[in-house]
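Trainee: dropping the sequence and predicted coords here.
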Amino acid sequence: MFIEWLLNPLSYPFMQRGLAAVILVGVVCAVVGTYVVLRGMAFFGDALAHTILPGVAVGYLVGGGAREPLFWWALGTSVAASLGIGAITKHARIKEDTAIGIIFAGMFALGIAIISTVRSYAVDLSHFLFGDVLGVTGRSLGLMAVFGGLVLLAILAFYKEFMTISFDPSLAMTLRLPVGLLNNLLLALIAVTVAVAMQTVGVALMVAMLVTPAATASLLTRRLPYTMALAAVLAGLAGVVGLYVSYYAGITSGSAIVLTATLFFLLAFLFAPQRGLLWKK
Amino acid sequence: MIPHSHHRPDQPILDVHDLTVRYEGRRALDAVSFHLHAGERVAVVGPNGAGKSTLFKVVAGVLPPQQGDVRVSGSRPGEHVCIAFLPQRSQVDWNFPVSVADVVMMGRIAKLGWLGWPKKRDWELVHAALETVGMGSLSGRQIGQLSGGQQQRMFIARALAQEAELMLMDEPLTGLDTPSQEGLLVLLEDLRTRKVTVMVATHDLEQAAAHFDRILLLNHRLIAFGTAAEVLRPETLLEAYGGRLKVRDGQVDLVGLDDTCCEGDDHVH
């Protein structure tokens, strides 16, 4: 009975692709998101996701509604925006979060304005904002796997460098690491992750995939590799559970996934050994 | 990465010449010149905002000098990976998910090179460094579970794993209880046998006099540099501390200076 309940949705190819997509996106977002959480970059991640909307909208108009080229538009806009935000926050004479806020809202408004010129804009906009994981094509999935894999490879290859620039930038400088270059590389990796995740959860919920599983894992672990591994497992699990909930309860998949991840966080927040709210009493 | 070379034995371990640093028009350091011998331990003292942190940043090669020159064993600080710059405890994220051994291993990453992972010898060096500072049994602890004194010892172990020859410590004694301070000072004493040159910024003139070879008195300018007897004289101290100094019957009240200190405020913005 339960097996049937589990296997039933899998008879649809779109569900198979959707499950593969949510697991893939969950793992990549969680691993990169661990650095987003440790470095206090949640607002940057949220802003970055929203900032790609105009790029995606232009790609949507140019391609006459075709979905697959959108990945490239999202990727290009995202990398450009991340490095742009990085440069502006470094050189501008206003506070970093203010600068990010201005860029983020302005770009987001531009994106909505562009999409609103299309007649079916309500439906299309909601796909961009909240994702359309069941609409993922095989080719899109392939692209997501390639770029998601590259991100994970880079995080592994520069593991000790990223850990050091995040924990003690002064040490990284006295060890003569190229700190500026590594910071920009990390921003670019977050940007690629945003592009990979866009179709699954949409731009509005992206920040949840970046920070929620990583924050949950950080309450339950005390060493970086374990934090990343647990975050990846929790995010993949949230994706799968969320997708089943979405299938049976008829809820939008993006919100079901994010709500599941949020539930995991609340459980850890309350019951985490030694660090949970209820543990201390 | 960067070869651990450029060391000229005929040159002093640290040679600072006419160093000037300005922040937004204000002089943080003004024409400071001095040099250190290998293996000596120097206390850097002066009022808050005297430029102690700025001096350390320039010597570490983290901040470029605007005027003058800094040489470490004959070449610029940026060409060395043997300078350890220990962070102030208040500036560290103690919730960061790393163990004590992880932090100490960070000292070795310049030696590991790009794409290099720690080998058996690296872990041996890390554990030997932790044994040296008396923390061999705590290597697996998450750093937030350490006491203040242990946190400071961990960073000294990291400097040892880095094979540092010049160690810069910004206010390592601030906020520690007396036994921890004493333990740390004994440990610094032991480092002498390893020929590590140590510069420590401190507020405590008595400790500076008791535990260090020379004292560098700084207030933007270098006011005095020499043994405790040479430096801790009423006229030099008055020049550095001005009205904040209490002089009783020609005797300087050294303890009275302690209450000018607060953690981590030696930064010029």
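Mentor: Nice, I can see it.
Trainee: show me chain B divided up by domain.
Mentor: According to automatic domain parsing, chain B comprises the domains B:9-82+B:167-269, B:87-164.
Trainee: who in the stretch 101-250 of chain A is up against chain B?
Mentor: Residues of the stretch 101-250 of chain A lying close to chain B (Cβ under 8 Å from any Cβ of the partner chain) are A:157, A:160-161, A:163-164, A:166-168, A:170-171, A:173-177, A:218, A:221-224, A:226-227. Every C-beta, even on glycine, is put in place using the N, C-alpha and C of the backbone.
Trainee: quick one, which of those residues are buried?
Mentor: Buried members of those, counted by 16 or more other Cβ atoms under 10 Å in any protein chain shown: A:160-161, A:163-164, A:166-168, A:170-171, A:173-177, A:218, A:221-224, A:227.
Trainee: now, which of the residues you listed lie within helices?
Mentor: A:160-161, A:163-164, A:166-167, A:170-171, A:173-174, A:218, A:224, A:227 (DSSP state H).
Trainee: which residues sit in contact with A:R275?
Mentor: A:L219 (Cβ atoms under 8 Å, 6 or more residues apart in numbering or on different chains).
Trainee: change it to 10 Å
Mentor: Contacts for A:R275 (Cβ atoms under 10 Å, 6 or more residues apart in numbering or on different chains) come out as A:218-220, A:222, A:268-269, B:95.
Trainee: so where's the stretch 1-150 of chain B uncertain?
Mentor: B:1-6 (pLDDT under 70).
Trainee: for the stretch 101-250 of chain B, which residues are neighbours of chain A?
Mentor: For the stretch 101-250 of chain B, the residues in contact with chain A (Cβ under 10 Å from any Cβ of the partner chain) are B:101-103, B:105-112, B:114-118, B:140-145, B:155, B:158-159, B:162, B:164, B:168, B:170.
Trainee: mind running it again at 6 Å?
Mentor: Listed as neighbours of chain A in the stretch 101-250 of chain B under the rule Cβ under 6 Å from any Cβ of the partner chain: B:106, B:109-110, B:115, B:142.
Trainee: which of those residues has the largest number of neighbours?
Mentor: B:I109 (24 neighbours; other Cβ atoms under 10 Å in any protein chain shown).
Trainee: these two touch, right, that residue and A:F158?
Mentor: No. The pair B:I109 and A:F158 fails to qualify as a contact (Cβ atoms under 6 Å) at a distance of 10.6 Å.
Trainee: looking at chain A, which helix or strand does the model trust least?
Mentor: helix A:121-130 (a mean of 79; mean pLDDT, DSSP states H and E).
Trainee: for the record, mean pLDDT for the helix or strand containing A:L181?
Mentor: A:L181 belongs to helix A:179-220 when assigned by DSSP states H and E. Mean per-residue pLDDT for helix A:179-220: 93.
Trainee: swap in stretch A:104-112?
Mentor: Per-residue scores along stretch A:104-112 average to 92.
Trainee: hmm, who's touching it?
Mentor: A:47, A:50-51, A:53-54, A:57 (Cβ atoms under 6 Å, 6 or more residues apart in numbering or on different chains).
Trainee: ok, of the residues you listed, which one's closest to chain B?
Mentor: Nearest to chain B, judged by Cβ to the nearest Cβ, of the contacts of stretch A:104-112 is A:A47 at 22.4 Å.
Trainee: hmm, A:A99 and the closest one touching each other?
Mentor: No. The pair A:A47 / A:A99 is not scored as a contact, 9.7 Å apart, by Cβ under 6 Å.
Trainee: and the next element down the chain from the one helix or strand A:L48 maps to?
Mentor: Per DSSP H and E, A:L48 falls inside helix A:42-51. Tracing the chain C-terminally past helix A:42-51 and defining elements by DSSP H and E, one meets helix A:53-62 next.
Trainee: avg pLDDT for that following helix?
Mentor: 89.
Trainee: which element follows that helix toward the C-terminus?
Mentor: helix A:69-91.
Trainee: list the buried residues in that next one.
Mentor: A:70-71, A:73-79, A:81-82, A:84-86, A:89.
Trainee: also stretch B:196-210?
Mentor: For stretch B:196-210, by 16+ other Cβ under 10 Å, it's B:196-205, B:207-209.
Trainee: just to revisit the earlier point, contacts for the helix holding A:L48 next, please.
Mentor: A:36, A:81-82, A:97, A:100, A:104, A:107-108, A:194, A:203, A:206-207, A:210-211.
Trainee: got a ChimeraX select line for the buried ones in the residues you listed?
Mentor: Selecting the buried subset of these in ChimeraX, with 16+ other Cβ under 10 Å as the burial test, is done by:
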select /A:36,81,82,100,104,107,108,194,203,206,207,210,211
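Trainee: report the two of the contacts of helix A:42-51 separated the most.
Mentor: A:M107 and A:V211 (20.5 Å; Cβ to Cβ).
Trainee: quick one, what contacts the residue in the stretch 1-150 of chain A that chain B sits nearest to?
Mentor: Ranked by Cβ to the nearest Cβ, the top residue of the stretch 1-150 of chain A for proximity to chain B is A:L38, at 6.4 Å. For A:L38, the contact set (Cβ under 6 Å, 6+ apart) comprises A:S166.
Trainee: please redo it, this time with the cut-off set to 10 Å
Mentor: Applying Cβ under 10 Å, 6+ apart to A:L38 gives the contacts A:162-163, A:166-167, A:214-215, A:218, A:224, A:227, B:93, B:95-98.
Trainee: make sure B:I223 is actually in contact with B:V231.
Mentor: Yes. Between B:I223 and B:V231 there is a contact under Cβ atoms under 10 Å: 8.3 Å.
Trainee: any common contacting residues for the two?
Mentor: Joint contacts of B:I223 and B:V231 (Cβ under 10 Å, 6+ apart) are B:45, B:216-217, B:237, B:240.
Trainee: I'd like these laid out as JSON lines, including distance to B:R27.
Mentor: JSON lines is the format used below for the shared contacts of B:I223 and B:V231 (distance: Cβ to Cβ, whole Å):
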{"residue": "B:V45", "distance to B:R27": "19"}
{"residue": "B:L216", "distance to B:R27": "17"}
{"residue": "B:L217", "distance to B:R27": "17"}
{"residue": "B:L237", "distance to B:R27": "21"}
{"residue": "B:A240", "distance to B:R27": "15"}
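Trainee: among these, who's most crowded?
Mentor: B:V45 (29 neighbours).
Trainee: I'd like to know how far that residue sits from chain A.
Mentor: 22 Å (Cβ to the nearest Cβ, to the nearest Å).
Trainee: next, give phi and psi for that residue.
Mentor: When read as degrees, to the nearest 10, the backbone of B:V45 gives phi -120, psi 160.
Trainee: who's in contact with it?
Mentor: B:52, B:200-205, B:207-209, B:212, B:215-219, B:223-224, B:231-232, B:237, B:240-241, B:257.
Trainee: in strands only, show me those residues.
Mentor: The strands, defined by DSSP state E, take in B:200-201, B:215-219, B:223-224 from the contacts of B:V45.
Trainee: how about the strands in the stretch 101-250 of chain B?
Mentor: Taking DSSP state E, counting those that start in this stretch to define them, one finds strands in the stretch 101-250 of chain B at B:166-170, B:197-201, B:214-219, B:221-226, B:247-248.
Trainee: same list (those) but as TSV, adding mean pLDDT.
Mentor: Converted to TSV, those look like this (pLDDT from 0 to 100):
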stretch	mean pLDDT
strand B:166-170	94
strand B:197-201	94
strand B:214-219	94
strand B:221-226	92
strand B:247-248	56
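Trainee: output the ones you listed in CSV; the columns should cover distance to B:Q88.
Mentor: Shown next, in CSV, are the strands of the stretch 101-250 of chain B (distance: least, Cβ to Cβ, whole Å):
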stretch, distance to B:Q88
strand B:166-170, 5
strand B:197-201, 9
strand B:214-219, 17
strand B:221-226, 22
strand B:247-248, 31
